[in-house]
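Participant: Attaching a predicted model along with its sequence, questions to come.
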Amino acid sequence: MDFLPANISAYAEAFTSPESELLYQLNRNTRAHIMAPRMLSGHVQGRFLSMISWMIRPRRILEIGTYTGYSALCLAEGLTDDGLLITIDHNEEIEEFVRSYWRQSP
């Protein structure tokens, strides 16, 4: 679902810091292999979530709705060294897909 005109989306992506290789692969594979990929946070929103997390430096984050874990990885970037991110989702079918990316993340 595209809410913005294509030229505005292109502008936002052009001036947003790039995804890490891990996030890029997660983004790509979610779109290729998982139903309803429109639920993915994606590049621009993910960088925004990361920025907010870096500004706040939370010790705890509760995320309700994991989907494929993209937003969780972005939010975790700003956690304190002793921080903890808890994310919950009812869809057990893609849990191994999600965990495979989390295992690759520092």
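Facilitator: That came through, no problem.
Participant: How confident is the prediction for the nearest residue to Y67 once chain neighbours are set aside, by pLDDT?
Facilitator: Spatially, and ignoring its direct neighbours in sequence, Y67 is nearest to M39 (5.1 Å; Cβ to Cβ, 6 or more residues apart in numbering). Quick note: C-beta positions are derived from backbone N, CA and C, even for glycine. Note on M39: pLDDT of 88.
Participant: Torsion angles phi and psi at M39?
Facilitator: Note on M39: its backbone torsions stand at phi -80, psi -10 [degrees, to the nearest 10].
Participant: What count of nearby residues applies to it?
Facilitator: Using other Cβ atoms under 10 Å, M39 is surrounded by 15 other residues.
Participant: is it true that it touches T66?
Facilitator: No. Between M39 and T66 there is no contact under Cβ atoms under 8 Å: 10.3 Å.
Participant: What segments of the chain are helices?
Facilitator: Shown for the chain, the helices assigned by DSSP state H span residues 6-14, 21-33, 43-56, 70-76, 95-104.
Participant: any idea how far the longest one is from the chain center?
Facilitator: When you say that, I think you mean helix 43-56. 9 Å (Cα atoms, centre = their mean, to the nearest Å).
Participant: try stretch 27-40
Facilitator: 12 Å.
Participant: tell me how far the ends of that stretch are from each other?
Facilitator: Taking Cα to Cα, to the nearest Å as the measure, stretch 27-40 stretches 7 Å from start to finish.
Participant: Once you drop chain neighbours, what's closest to T30?
Facilitator: T68 (4.5 Å).
Participant: thinking the one you found is in contact with S100, fair?
Facilitator: No. Counting by Cβ under 8 Å, T68 does not reach S100; the two are 10.1 Å apart.
Participant: still on that earlier bit, would you quantify the distance from the residue nearest to T30 to E96?
Facilitator: 11 Å (Cβ to Cβ, to the nearest Å).
Participant: All set now, cheers.
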